[in-house]
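Asks: sequence? don't have it. structure:
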C-alpha cells in the first residue's frame, strides 16, 4: 500500500491512504485552508491557504509521520506578562488595544507600555521547578512540549547573546537563580522524560530597534515594523541577521530540537518582510537534519505543520496539523482563570485526533513559576482517561466516518476505535454509526467483549446491566 507522502505528493486533495484501516475519499478530505483563509481576529490565526508543500527531505517526511503519532502536546506560554495577568505581548500594540488591553484597568496608553517594558526588572519566579512541569506532562500522556523561548515582546526566556532584554540579564532578579536559563531548564527536564521539544520563537521582535523604534514608545504601534523596510533596507538586513542568529543559537545550543515553531506570520516574503526563512531553516537542518519547521501562516516549504489556533477544523485535513488551544481563557496567565473541565479536554482531543491532527493544549504558569492547581487537577483527569484508552489515540490515523454526532473514529492496523463522547456521565451507547466489517467489539478500557448485531444503520450494542462505562468517553475496538 502506498505511503501518505507518495499519494499526497501526487495531488494534495486526492486519495489519502490509511494503512489497513480505510481511505479518505477525495470529497471527504479538505486541503488546509479550504474552509478559511489566513483570517486573523484578535490575534488568532485560522488555517493556511491550500498550498501545502511536501518537504523534499526524506528525514523530515519521516519525522512528520512520527509527529502525527504523538497527538498531544503541552504548550506553555510564559514570560514577564504573567506578572500582571495580561495578554502576552499584544497589549503593546495600540492598534490591537480594544481586545488586548481588556485586562488592563490601571493604566492607559504610553503609561501602560512603559510599565510593561519594565516588567523584566521584577520577574522573579522563585517557585520555577521544570521537573514538576515535565512530570505533570509525562504522567498524563503528553508526548511533547511547545515552549515560548521568545514572544513578540522580545523578552528572551533563554540566555541569548544577541539581546539584553532577557531573563539572564543583570536587571532581571531571576538572573541570579541557578535556573535562570529557563528554556534550557525546561528543555532538559522534558527530554529527560522522553518528550519531544517544540521550540516556539517569535519572528517579530517589538523590542528590537530595527523592528520598532523606541520599543514602541511615543508613537502609535501596529504589528508591523515602525518604518518602511523598502526605504531602509539596511535596517531590515540587520533585523534579518539578528533573527537568524537567535534561531540558530537555539538550534545549536539548546538542542536537539524536534520542531521549530515560528510565530508572527506578518514576517514573511508575501508581506515584504522577508527574512530568508528557507536559508535559516536549511542552516538549522545542517545541525538537525530531521528538524520540522512550522513557519505558521506563511505557507511554502517551511510550513511543514499547519497550526489552527483556538479552533478545530470541521473536517479531516490531508496534511500534518496541530490545533493550539488554551486550557484557560487565554494563552497567558490570568488571575482567577477558569479552566476547561476534563470532559471538554477529552472531547477536544478526540475530535482533533479523529480528523488527523494533534492537540497542543496550552497552560500558563503563574508569575511564581507554578502551574495553577485547578489546571493540574483537570490535566490529571485527562491523563487518567488516556491511561485506559490511549490505544485509541496514539499512533492512530483517521478512520471513516471520522466524526458523527457524539462519536469519533480512529484506526490502527486492522482495528477501528469508536469513541462515544458522553454528553453526561451516565449516557449509554446503543449503536455505533459504523458501516464497515465487524467480527468483534471490545470495550477498550476493560477488555470486555460486547455482544452486537450489525444492521443497515450500524452496529447495535447489547450492553449488560452491569456495564461499567467511563465518565467522559467510552471506547470500543472494532475488529
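Replies: Nice, I can see it. Worth saying up front: this structure is predicted, and the values here are computed from it rather than measured.
Asks: How about the contacts made by the residue nearest to residue 276 when sequence neighbours are not counted?
Replies: Counting by C-beta to C-beta, 6 or more residues apart in numbering, the nearest residue to residue 276 once its immediate chain neighbours are dropped is residue 240, at 6.4 Å. Every C-beta, even on glycine, is put in place using the N, C-alpha and C of the backbone. Contacts were defined as C-beta atoms under 8 Å, 6 or more residues apart in numbering; by that measure residue 240 touches 274-276.
Asks: what's the distance between the nearest residue in space to residue 51 that is not next to it in sequence and residue 261?
Replies: Leaving aside its sequence neighbours, residue 51 sits nearest to residue 299 (C-beta to C-beta, 6+ apart; 5.0 Å). Between residue 299 and residue 261 the computed distance is 16 Å (C-beta to C-beta, to the nearest Å).
Asks: ok, and the most crowded of the contacts of residue 240?
Replies: Looking at the contacts of residue 240 with neighbours defined as other C-beta atoms under 10 Å, the largest count falls to residue 275 at 24 neighbours.
Asks: Look at the nearest residue to it once chain neighbours are set aside and tell me its secondary structure.
Replies: In space, and not counting its chain neighbours, residue 275 is closest to residue 240: 4.7 Å by C-beta to C-beta, 6+ apart. Assigned with DSSP: H, G, I helix; E, B strand; the rest coil, residue 240 falls in the helix class.
Asks: Which one of residue 299 and residue 261 is surrounded by more residues?
Replies: Between residue 299 and residue 261, counted using other C-beta under 10 Å, residue 261 has the larger neighbour count: 28 against 22.
Asks: and the more buried one, what helix or strand is that in?
Replies: Taking DSSP states H and E as the definition, one finds residue 261 inside strand 259-263.
Asks: That strand: how far from the chain's middle?
Replies: Relative to the chain's own centre, strand 259-263 is displaced by 10 Å; criterion: C-alpha atoms, centre = their mean, to the nearest Å.
Asks: Number the residues from 30 up from this point.
Replies: In the new count, where the first residue is 30, that last one comes out as strand 288-292.
Asks: list the helices and strands the next helix-or-strand element following it packs on?
Replies: Heading C-terminal from strand 288-292, the first helix or strand you meet, by DSSP H and E, is helix 306-316. Counting contacts by 3 or more C-beta pairs under 8 Å, 6 or more residues apart in numbering; DSSP states H and E, helix 306-316 packs against helix 262-282, strand 288-292, strand 321-324.
Asks: run the last query once more with 6 Å
Replies: In terms of contacts (3 or more C-beta pairs under 6 Å, 6 or more residues apart in numbering; DSSP states H and E), helix 306-316 is packed against helix 262-282.
Asks: What separates the first and last residues of stretch 439-453, distance-wise?
Replies: The first and final residues of stretch 439-453 sit 22 Å from each other (C-alpha to C-alpha, to the nearest Å).
Asks: Mind listing what's buried along that stretch?
Replies: For stretch 439-453, the neighbour count (16 or more other C-beta atoms under 10 Å) marks 439-441, 444-451 as buried.
Asks: Repeat that for stretch 267-287.
Replies: Applying 16+ other C-beta under 10 Å to stretch 267-287 flags 268-269, 271-273, 275-276, 279-280, 283-284, 286-287 as buried.
Asks: tell me the mean pLDDT for that stretch?
Replies: Averaged across stretch 267-287, pLDDT comes to 98.
Asks: With stretch 496-508 instead?
Replies: pLDDT averaged over stretch 496-508 equals 96, rounded to a whole number.
Asks: Flag the shaky bits of this protein, pLDDT-wise.
Replies: For the chain, residues meeting the criterion pLDDT under 70 lie at 30-79.
Asks: Now do the domain split for it, please.
Replies: What the record gives for the chain is the domain set 30-56, 60-400, 426-507, from automatic domain parsing.
Asks: can you redo these as TSV with distance to residue 417?
Replies: Written out in TSV, the entries for those read as follows (distance: least, C-beta to C-beta, whole Å):
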stretch	distance to residue 417
domain 30-56	22
domain 60-400	11
domain 426-507	4
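Asks: Need the winner for burial among those domains.
Replies: Per residue and on average, the most neighbours among these fall to domain 60-400, with a mean of 20 (mean count of other C-beta atoms under 10 Å).
Asks: what's stretch 167-178 in contact with?
Replies: Contacts with stretch 167-178, where a contact means C-beta atoms under 6 Å, 6 or more residues apart in numbering, come from 99, 101-106, 186-187, 212, 215, 219, 222, 224-225, 227-230, 290, 389, 408, 412, 415, 419.
Asks: where along the stretch 280-429 of the chain do the helices fall?
Replies: 306-316, 371-383, 402-418 (DSSP state H, counting those that start in this stretch).
Asks: Compare those helices and report which one is nearest to residue 144.
Replies: When these are ranked by distance to residue 144, counting by C-beta to C-beta, first place goes to helix 402-418 at 26.8 Å.
Asks: Buried residues in the closest one, which are they?
Replies: Buried residues in helix 402-418, defined by neighbour count with 16+ other C-beta under 10 Å: 404, 407-408, 410-415, 418.
Asks: tell me the strands in the stretch 330-479 of the chain, going along the chain?
Replies: Remark: strands of the stretch 330-479 of the chain, listed N- to C-terminal, are 351-355, 387-391, 426-433, 436-441, 444-450, 460-461, 470-472; assignment by DSSP state E, counting those that start in this stretch.
Asks: Same list (those strands) but as JSON lines, adding distance to residue 192.
Replies: Converted to JSON lines, these look like this (distance: least, C-beta to C-beta, whole Å):
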{"stretch": "strand 351-355", "distance to residue 192": "25"}
{"stretch": "strand 387-391", "distance to residue 192": "24"}
{"stretch": "strand 426-433", "distance to residue 192": "42"}
{"stretch": "strand 436-441", "distance to residue 192": "44"}
{"stretch": "strand 444-450", "distance to residue 192": "46"}
{"stretch": "strand 460-461", "distance to residue 192": "55"}
{"stretch": "strand 470-472", "distance to residue 192": "54"}
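Asks: Specify the local secondary structure of the nearest residue in space to residue 300 that is not next to it in sequence.
Replies: In this structure, residue 300 finds its nearest non-sequential neighbour in residue 253, 7.9 Å apart by C-beta to C-beta, 6+ apart. Classification of residue 253 into helix, strand or coil gives coil, according to three-state DSSP.
Asks: Quick check: phi and psi at residue 253.
Replies: Dihedral angles phi and psi of residue 253 (degrees, to the nearest 10) take the values phi -90, psi 170.
Asks: Any figure for the gap between it and residue 166?
Replies: Residue 253 sits 36 Å away from residue 166, taking C-beta to C-beta as the criterion.
Asks: ok, now residue 450?
Replies: Applying C-beta to C-beta, one obtains 24 Å for the distance of residue 450 from residue 166.
Asks: same thing with residue 146?
Replies: Applying C-beta to C-beta, one obtains 32 Å for the distance of residue 146 from residue 166.
Asks: ok, now residue 353?
Replies: With distances defined as C-beta to C-beta, the gap from residue 353 to residue 166 amounts to 15 Å.
Asks: ok, now residue 106?
Replies: Shown here: residue 106 relative to residue 166, a distance of 15 Å by C-beta to C-beta.
Asks: who's in contact with residue 106?
Replies: Contacts for residue 106 were tallied using C-beta under 6 Å, 6+ apart; they are 117, 177, 360-361, 393.
Asks: again, only using 10 Å
Replies: With contact taken as C-beta atoms under 10 Å, 6 or more residues apart in numbering, residue 106 is in contact with 116-118, 175-177, 180, 229, 353, 355, 359-362, 391-394.
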